[in-house]
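Trainee: got a predicted model here, sequence first, then my questions.
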Amino acid sequence: MNEIKENPAEELSEDMKVLDDVTSSEYKWGFVTDIESETAAKGLNEDVVRMISKKKKEPEWMTEWRLKAFRYWLKMEEPKWPNVEYPKIDFQNISYYSAPKQKPQLNSLDEVDPELLKTFEKLGIPLEEQKILSGVAVDAVFDSVSVATTFRETLKEKGVIFCSVSEAVKDYPELIKKYLGSVVPYTDNFYAALNAAVFSDGSFVFIPKGVRCPMELSTYFRINSQETGQFERTLIVAEEGAYVSYLEGCTAPIRDTNQLHAAVVELVVLDNAEIKYSTVQNWYPGDKEGKGGIYNFVTKRGACRGKNSKISWTQVETGSAITWKYPSCILQGENSVGEFYSVAVTNNMQQADTGTKMIHIGKNTRSTIVSKGISAGKSNNSYRGLVRIGKNAEGARNYTQCDSMLMSDRCGAHTFPYIEVENNTAKVEHEATTSKVGEDQIFYLNQRGITSEDAVNMIVNGFCKEVFNNLPMEFAVEAQKLLAISLEGSVG
Amino acid sequence: MNSKEFYIESFKTYESKLNGDSKSFLHQLRKDALKQFRETNFPTLRNEEWKYTDISSIVKLNFTPAINSTPERFTKEQINKFLFKDFDCHLLVFVNGIYSEELSLINNLQNGVVVGSLKKLAKENPSVIDSYIGKLSKIDNAFNALNTAYAVDGLVIVVPDGKILEKPIQVLYLNSSSDETMLASPRNLIVVGKNSQASVIANYRGISEKAYLNNSVTEIFIDEDAIINLYKIQNESDEAYHIEKVQATQKKNSVLNHYNITFGGAIVRNDINSVLDGENIETHYYGLYMINGKQHVDNHTFVDHAKPNCMSNELYKGILDDNARGVFNGKIIVRQDAQKTNAYQQNKTILLSKTATIDTKPQLEIFADDVKCSHGATVGHLDDVSEFYIRSRGVPQELAKSMLIRAFANDVIETIKIEPLKEQINHMIFEHLHKVEVGNE
């Protein structure tokens, strides 16, 4: 036993150097697009809420709803329980509305501002190519206003509604009234209330009875104007027997001041319907010292209202200075299914407190949670999850697996699973492990002529495979690239 | 008068009874604790550490501190049925937390070994304990503040370097209150020196019709290469409220085996914390809780890996019936220095009835990269397939069930090192199970 070295990491110093080089690679996608934008003055009060509502030409009931939320928000306190640290946010020092100068409605890509198109090209997702190659309809949200919507015609034929929430408020007020805020009411939490009061825009998807959405729907969010909190609101409704796969991907340019992002996503699934929601998040994580970076405080929740309904969340979180979100499923309908697959990567000074909630209410409901956390640098990565089996959830079943991987001796990996069971016919399993990339594993791959860097990459990708397998093709490729960039070569 | 005021008020009565004792270091500690007690409130459900345990029924009652009431007398014959038998041991008996010399039996202690009562030692030989007591368990809630304020008596074991106690020490904590709701505040101290060994059986029993609160704090100092086995068996009445905080610190190469077996009590709350402050330490936590009726058992464990090359292993199993409610919160922290740590934790619970509930939260916080840590939690009911298999061999249903439950509990029980104790605990499980089965019909 006396041969054990004081610091086992020393041996690996050379490998570590490689890793350090890679881990310290600069954020690839930081740039600012120069487009004239219309930004509201900083601060938040009833007038600002009214102004936002007016700018968006919203009807009276919508304005009222926002005001109710705002008044409620005033009474609330910022939550303090997550395992993250950040300076107090001054909510009066944020501008709550920013839109590229109003342009007339566009019908084709040609009409889109070429500057904007360039931005997307830099991101590696040229709209034209995507349109042709992948058959993905992209509702590009640049800052807060939708500027281009493709494939709308094809979708229309099937009766699928895919538009911005502000359009939906005008065109489909009945649906919005029925579903908006029905899963995440404005009373839910501090940031949900704030979002309800000031949300700028977002996507609305409605899949009518029995329709299988012919293509994967995708929205690219992008935070552009400096110090503009982006408050997106997404609502997806799948009627009886419908199916849709929705992709959400994000990048943001380098900034020094922290940007607040407090989005709300609501999913409603009726009998025999299914929603698959995938996210790749790669917002600016701040520099090596933790300066700048996005605060990503999101409320995502889906309600399986109908029998045999299904919600599947898949997320790859590599960006943001602070990520704080718990995509959740409320399993009300009999035999409904909730799934959560997550890879969360933190590096440098990043902090992530993420996980899921599975609320089992109906009979024979099932849920699966697979969470992979990777921490490097001086980052902290927490899994926080709740599995609740209600009194009437006969035969409910949950399987949870959360694995953490540590890449440096100064980072942290934490798990906070809450399991609450009130029904004895339920079966709940929870497993968590923590490990590092083994020297023997690297050695094995080295031996086969693979460089240490590639070896680590390979091992990490293997570690995350279960989650990547659940991503749609294009996303899986992008996710792997992201992972390589965020971590390449980090070693334990 | 609410209970907080009541305890502060009662402190005066009790101070007046202390006579010359009031100038001792212990009393200074008590006074400081009372000051802190004044400033703290009893935890509520809003407190994360008490999220699942509602103690309002404890706070509602004013428990008379045992020291302020007339001590109850028992004969040796009366207490005999509560003891674990068939093995040679030293016996200490505490009635409502106060040492009873005539019921206890300590003989042939090796030179330098101290086994006895806190009250007596504080008076006669304070130098043995003053450098330990209160040094480990910092006051962090109203209950341990209350314990320290009323720390009149308790168990003291001091084993000097290189001594091995052949005989285990059995400590019977008997709680009895015939006419008053009673507060017992045993304050225990266990110190084992370098290369020493000891086994302690803490046996909690209650024979009272009235509600009582047993609020104890146990501090354990484990020096280099020492081994300590601590068996806590708690089998109290349905009127009992039981709260204990165990705080241990371990030096290099030491071993701690902590057993926590719970059968009874209206509300039972255990906080078991240990700091692994040296290399090559082993810590084992074993727990078994078997409850029914409206019982509530809450186990909070905390293993703090502060140094490299240590190992901790935790296995907690629960069997809940009727409206019983179980809570498990297991926390493991691996500090930045604690490379090469192995930490395992498991919580398994069986729910025997539709109305039993469990809230479990296994928690890992890891700051070092070269570690192997895992935890697992499962909740379920008895496996129908296994039951069917046994029944298909001609075993009646109730017996099949009982076999499965005892097999489930056996993972914990089989690790007990004192053979007769193991047998008697097995017997208690059987008794308990039998009651459960009768209740079901």
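Mentor: Now that the structure is in, tell me what you want to look at. Residues are numbered from 1 along each chain as shown, chains lettered A, B, ... in the order given.
Trainee: check contacts around the residue nearest to the spatial centre of chain A.
Mentor: By C-alpha atoms, centre = their mean, chain A has its centre lying nearest to A:T279, at 5.0 Å. Listed by C-beta atoms under 8 Å, 6 or more residues apart in numbering or on different chains, the contact set of A:T279 reads A:247-250, A:313-317. No exception for glycine: its C-beta is placed from N, CA and C like everyone else's.
Trainee: for B:K31, same thing?
Mentor: B:K31 touches B:A149, counting by C-beta under 8 Å, 6+ apart.
Trainee: hmm, try it at 10 Å
Mentor: B:11, B:15, B:22, B:148-149 (C-beta atoms under 10 Å, 6 or more residues apart in numbering or on different chains).
Trainee: the residue in the stretch 201-350 of chain B that chain A sits nearest to and B:C310: what is the separation?
Mentor: Residue nearest to chain A within the stretch 201-350 of chain B: B:Q339 (5.9 Å; C-beta to the nearest C-beta). Distance of B:Q339 to B:C310, computed by C-beta to C-beta, to the nearest Å: 10 Å.
Trainee: shared neighbours of the two, anything?
Mentor: Residues touching both B:Q339 and B:C310 by C-beta under 10 Å, 6+ apart: B:V371.
Trainee: who's more crowded, the two?
Mentor: Neighbours per residue (other C-beta atoms under 10 Å in any protein chain shown) separate B:Q339 from B:C310, with B:C310 holding more: 27 against 23.
Trainee: correct me if wrong: the more buried one contacts B:H284.
Mentor: No. Contact criterion C-beta atoms under 10 Å: B:C310 and B:H284 do not qualify, at 11.9 Å.
Trainee: who's in contact with A:S320?
Mentor: With contact taken as C-beta under 10 Å, 6+ apart, A:S320 is in contact with A:250, A:252, A:258-259, A:261, A:281-286, A:293-298, A:346, A:350-352.
Trainee: what about the residues you listed, which are in strands?
Mentor: By the criterion of DSSP state E, membership of those in strands covers A:250, A:259, A:261, A:281-282, A:294-298, A:346, A:351-352.
Trainee: which SS state does B:L399 fall under?
Mentor: The three-state label for B:L399, taken from DSSP: H, G, I helix; E, B strand; the rest coil, comes out as helix.
Trainee: residue boundaries of the helices in the chain?
Mentor: By default, I'm working from chain A. Counting by DSSP state H, the segments of chain A that form helices are A:13-23, A:46-55, A:60-75, A:114-122, A:127-129, A:152-158, A:165-171, A:173-179, A:190-198, A:439-447, A:452-468, A:473-487.
Trainee: wrong one, I was asking about chain B
Mentor: B:3-16, B:25-39, B:56-60, B:76-80, B:118-124, B:142-149, B:384-391, B:397-413, B:419-440.
Trainee: pick the most buried one from those.
Mentor: helix B:142-149 (a mean of 26; mean count of other C-beta atoms under 10 Å in any protein chain shown).
Trainee: got the CA coordinates for it in PDB?
Mentor: Output in PDB follows, covering the C-alpha atoms of helix B:142-149 (Å, rounded to 0.1, in the frame of the first residue of the first chain):
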ATOM      1  CA  ALA B 142     -33.000  22.600  18.000                       C
ATOM      2  CA  PHE B 143     -32.800  18.900  19.000                       C
ATOM      3  CA  ASN B 144     -29.100  18.600  19.500                       C
ATOM      4  CA  ALA B 145     -29.100  22.000  21.200                       C
ATOM      5  CA  LEU B 146     -31.800  20.600  23.500                       C
ATOM      6  CA  ASN B 147     -29.800  17.500  24.200                       C
ATOM      7  CA  THR B 148     -26.700  19.400  25.000                       C
ATOM      8  CA  ALA B 149     -28.600  21.800  27.300                       C
END
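Trainee: what angle sits between that helix and helix B:25-39?
Mentor: The directions of helix B:142-149 and helix B:25-39 differ by 150 degrees, with axes from the mean of the first three to the mean of the last three C-alpha atoms, to 10 degrees as the criterion.
Trainee: which residues sit against stretch B:117-124?
Mentor: With C-beta under 10 Å, 6+ apart, stretch B:117-124 has contacts from B:20-21, B:24-27, B:67, B:92, B:94, B:97-101, B:104, B:114, B:116, B:127-130, B:133, B:151-156, B:158, B:186-189.
Trainee: buried subset of the residues you listed?
Mentor: B:26, B:67, B:92, B:94, B:97-100, B:104, B:114, B:116, B:128-130, B:133, B:151-156, B:158, B:186-189 (16 or more other C-beta atoms under 10 Å in any protein chain shown).
Trainee: sort out for me which of those are in strands.
Mentor: Among the buried ones among the contacts of stretch B:117-124, the residues falling in strands (DSSP E) are B:92, B:94, B:98-99, B:114, B:116, B:155-156, B:158, B:187-189.
Trainee: returning to what we had before: can you redo the helices of chain B as a markdown table with distance to A:V205?
Mentor: Output for the helices of chain B, formatted as a markdown table (distance: least, C-beta to C-beta, whole Å):
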| stretch | distance to A:V205 |
| --- | --- |
| helix B:3-16 | 56 |
| helix B:25-39 | 55 |
| helix B:56-60 | 47 |
| helix B:76-80 | 73 |
| helix B:118-124 | 69 |
| helix B:142-149 | 52 |
| helix B:384-391 | 42 |
| helix B:397-413 | 48 |
| helix B:419-440 | 51 |
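Trainee: of those helices, which shows the lowest average pLDDT?
Mentor: The weakest mean pLDDT among the helices of chain B belongs to helix B:419-440, with a mean of 76.
Trainee: ok, now which ones touch the residue lying closest to A:S404 once chain neighbours are set aside?
Mentor: Closest residue in space to A:S404, ignoring its immediate chain neighbours: A:A413 at 3.6 Å, by C-beta to C-beta, 6 or more residues apart in numbering or on different chains. Applying C-beta under 10 Å, 6+ apart, we find A:A413 in contact with A:346, A:373-375, A:379-383, A:402-407, A:432, A:434-436, B:334, B:364-369, B:371, B:373.
Trainee: can you check B:H305 too?
Mentor: With C-beta under 10 Å, 6+ apart, B:H305 has these contacts: B:274-277, B:281, B:283, B:311-312, B:332-335, B:337-339, B:341-343, B:365-368, B:371, B:373.
Trainee: which among those residues count as buried?
Mentor: B:274-277, B:281, B:283, B:311-312, B:332-335, B:338-339, B:341-343, B:365-368, B:371, B:373.
Trainee: just those residues: which are in strands?
Mentor: B:274-276, B:283, B:311-312, B:332-334, B:342-343, B:365-366, B:373.
Trainee: okay if I get those residues as CSV plus distance to chain A and pLDDT?
Mentor: Below are these laid out as CSV (distance: C-beta to the nearest C-beta, whole Å; pLDDT from 0 to 100):
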residue, distance to chain A, pLDDT
B:S274, 20, 95
B:V275, 19, 95
B:L276, 16, 95
B:T283, 17, 96
B:M311, 12, 95
B:S312, 13, 95
B:I332, 9, 94
B:I333, 9, 94
B:V334, 8, 93
B:N342, 11, 93
B:A343, 8, 93
B:E365, 5, 91
B:I366, 5, 91
B:C373, 4, 89
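Trainee: nearest to B:S196 among the helices of chain A would be which one?
Mentor: Taking C-beta to C-beta, helix A:439-447 is the member of the helices of chain A nearest to B:S196, at 38.4 Å.
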